[in-house]
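Participant: Here is the input, now give the coordinates:
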Amino acid sequence: MRIVLLGAPGCGKGTQAKLMAEKYRVPQISSGELLRQAVSEKTDLGKRVESIMASGELVSDDIATDAVTERLRSNESKRGFVLDGFPRTIPQAQQLDTRLGWMNRPLQLALYFSLDPAVVVKRTLGRLECAKCGASYNRYFSPPAKRGICEHCGSKELVQRPDDHQHAVRARLDAYDRDTVPLITYFKAQHKLRTVEGEGDIQDIFKRICEIVDTEIRPLETKVIAIETGREYRSDAVTLISGGKVVRKDSRADNDKAVGQAKQRLSARDSKKAAEKKVAKKKVVKKKAAEKKVAKKKVVKKKAAEKKVAKKKVVKKKAAKEKAVKTKVVVRKSATKKRTHKG
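Facilitator: Residues are numbered from 1 along each chain as shown. Below is the predicted model of the structure:
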């Protein structure tokens, strides 16, 4: 699966991207995380973008695209990816489409998180992040079970991002309205845009996302790959789509049964296609053979008839003329001799 998540800063893209990465076993690729990591490690890239990110402005298209493309080419991204926070501009989207085209891995869906702007601001200002493991929380909407303590690693270092202060948030929202909102039209024109209601419980939002993914991208994806390559699929739970209906198989026995049914459907489909191809070939052969035989017979008969008639007529006429001349000459000579002798 190859998906892009779109939405305003603080709409919940990052949280949902992590859940999707865990469920579908693909990497979450966040341009913001890549750039923040570069800043913290003080790499050349980090030094170039540190002041830009602190002010809330967007980094240049070339810098963001190069950072993301390098990750897309890694081995872990071969099975798919969830792009979070990229692309953010039309030029970035065009560059992404071009580079994915080179890799023969075009984008499949763009999920747009629709959310009220006031809620976006509150979410952004309330974001907290574990400095040790990177887990995300929100002091207003999804605080940790124990205040100030990470539920994943137990760290007490829950901090606010440097770019999540009031001034930077307003600047990012302005940049979003100016540069990122046009992407909605861009992906809609490609018939790849799907809208997700971004307000509500995290798990409820995640269920909405899974319904879209399982219906439009995942149908028989894992099973078809396993069947075609001859590999056994080893999972205790898998979602299949049959005639557009989502069917959940939770046991290994049911899973094996579903595999058998999938094989039968694929075999029937292939047999039908093969039969259609054979019928088409027979019809074409018969038509060509009939046309060739008729054309040859007509031409041969006409030529033979013309030659025979011409020869017979010429022979008969010559013979008649020669005999008539000889007979007349003999008769005249005979009559003259007899009359002279008697006198």
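Participant: Could you pull out the strands in the stretch 101-250 of the chain for me?
Facilitator: Under the criterion DSSP state E, counting those that start in this stretch, strands of the stretch 101-250 of the chain are mapped to 109-114, 127-130, 136-138, 158-159, 193-197, 238-242, 245-249.
Participant: per-stretch mean pLDDT over these, give me the minimum one.
Facilitator: Note on the strands of the stretch 101-250 of the chain: lowest mean pLDDT is at strand 238-242, with a mean of 34.
Participant: and M53, what is it in contact with?
Facilitator: L35, R36, V39, V59, P162, D163 (C-beta atoms under 8 Å, 6 or more residues apart in numbering). The way it works is simple: take the backbone N, C-alpha and C, and place the C-beta from them, glycine included.
Participant: 6 Å instead?
Facilitator: D163 (C-beta atoms under 6 Å, 6 or more residues apart in numbering).
Participant: could you point out which element follows the helix or strand harbouring it?
Facilitator: Under the criterion of DSSP states H and E, M53 resides in helix 44-54. Counting by DSSP H and E, the element after helix 44-54 in chain order, helix or strand, is helix 61-72.
Participant: Which is the succeeding secondary structure element to that next one?
Facilitator: The helix or strand immediately downstream of helix 61-72 is strand 81-84, counting by DSSP H and E.
Participant: got the contact list for that following strand?
Facilitator: With C-beta under 6 Å, 6+ apart as the test, strand 81-84 has contacts from 3-5, 13-14, 17, 20-21, 26-30.
Participant: So which of those belong to helices?
Facilitator: Among the contacts of strand 81-84, DSSP state H puts K13, G14, A17, M20, A21 in helices.
Participant: which pair in those spans the largest distance?
Facilitator: Spanning the widest gap among the ones in helices among the contacts of strand 81-84 are K13 and A21, at 12.2 Å by C-beta to C-beta.
Participant: Between these two, which is the more surrounded one?
Facilitator: Counting neighbours by other C-beta atoms under 10 Å for K13 and for A21 shows that K13 has the greater number, 26 against 17.
Participant: List the residues that contact that one.
Facilitator: Contacts for K13 were tallied using C-beta under 6 Å, 6+ apart; they are L5, G7, D84.
Participant: Go through the ones in helices among the contacts of strand 81-84 and name the one nearest I217.
Facilitator: Nearest member of those to I217, counting by C-beta to C-beta, is M20, at 11.1 Å.
Participant: Least confident secondary structure element in the chain?
Facilitator: Taking mean pLDDT, DSSP states H and E as the measure, the chain has strand 238-242 as its least confident helix or strand, at a mean of 34.
Participant: ok, back up a step: got TSV for the contacts of strand 81-84, with distance to D214 too?
Facilitator: TSV is the format used below for the contacts of strand 81-84 (distance: C-beta to C-beta, whole Å):
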residue	distance to D214
I3	12
V4	18
L5	17
K13	19
G14	22
A17	17
M20	11
A21	16
V26	14
P27	19
Q28	18
I29	21
S30	23
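Participant: wait, which of those is closest to L107?
Facilitator: V4 (6.2 Å).
Participant: This completes my enquiry, with thanks.
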